[in-house]
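Undergrad: quick check, what structure comes out for this input:
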Amino acid sequence: MSGFNMPVDDELSLRLVEPRFAEGLYTVIDTNRDHLRPWMPWADQSREQLQAWVQKTAEKFAAQTDIALSILCHGQVVGGSGLHGLDSPHHFAETGYWLAADAQGKGIVTRCLRVLLDYAFDERGLHRVQLHTLPDNARSQAVAQRLGFTREGVLRETVMHNDKHCSMVMFGLLASEWRQNRERNMR
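TA: The predicted model follows:
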């Protein structure tokens, strides 16, 4: 398990969430709770809850069902991403992402997701990657659209968030679309 790392560029990398890095991850989340709370249902988790989640992610990585990643900028945790449901018989997975408040607006998520999507489609052989956002999360939706995801619809009142039923906007990206967009952007 140890050592799974995806370089993104000179300043960014994606590193597997592991128990030995849990405290650094907790510190970033704790510092950014007010920023994360409107979008992330897990924003108020305790140190113990985070440690339990980190342990579960290690087990899921070993079982090859999920990859939970920290986004590092110059070696410091500034956010997270991953691929979930890698064991789907339908060859798709779900992705998501979050960033600390002071890391936003720098293209960090877009750059990291490009590398993660290359991995998903080229190395894992996925046919589709999907993601969902809250309807008023314009920043997250802009990332999805920038990367070529298609807005597929709204899942009405499908999640509990901040003690109420919330709808989610679903986005999907097919491997063929990703490859076509990548080739077009390389010209």
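Undergrad: what's the pLDDT at Arg20?
TA: Arg20 is assigned 85 on the pLDDT scale.
Undergrad: can you confirm Gly125 is in a helix?
TA: No: checked against DSSP: H, G, I helix; E, B strand; the rest coil, Gly125 lies outside a helix; its state is coil.
Undergrad: skipping its backbone neighbours, what lies nearest it in space?
TA: In space, and not counting its chain neighbours, Gly125 is closest to His91: 6.9 Å by C-beta to C-beta, 6 or more residues apart in numbering. Heads up, the C-betas are built off the backbone N, CA and C, glycines and all.
Undergrad: count the neighbours of the one you found for me.
TA: The number of residues packed near His91 is 12, by other C-beta atoms under 10 Å.
Undergrad: likewise for Pro38?
TA: Residues lying near Pro38 (other C-beta under 10 Å) number 12.
Undergrad: and it, backbone torsions?
TA: Main-chain torsions, Pro38, degrees, to the nearest 10: phi -60, psi -20.
Undergrad: equivalent analysis for Thr65, please.
TA: Backbone torsions of Thr65, given as degrees, to the nearest 10, read phi -110, psi -30.
Undergrad: and it, how far is that from His84?
TA: 8 Å (C-beta to C-beta, to the nearest Å).
Undergrad: if we can go back for a sec, Arg128 versus the residue nearest to Gly125, what's the distance?
TA: Distance from His91 to Arg128, by C-beta to C-beta: 7 Å.
Undergrad: lowest-scoring secondary structure element of the protein by mean pLDDT?
TA: When each helix and strand of the chain is scored by mean pLDDT, DSSP states H and E, helix 175-186 comes last, with a mean of 86.
Undergrad: can I assume Leu14 is in contact with Val115?
TA: Yes: with contacts counted by C-beta atoms under 8 Å, Leu14 reaches Val115, the gap being 6.6 Å.
Undergrad: what do the two both touch?
TA: The contact sets of Leu14 and Val115 overlap at Met6, Val8 (C-beta atoms under 8 Å, 6 or more residues apart in numbering).
Undergrad: of those two, which one has the most company?
TA: Set side by side, Leu14 and Val115 show more neighbours around Leu14, with 23 against 17, by other C-beta under 10 Å.
Undergrad: which strand or helix spans that one?
TA: Using DSSP states H and E, Leu14 sits in strand 12-16.
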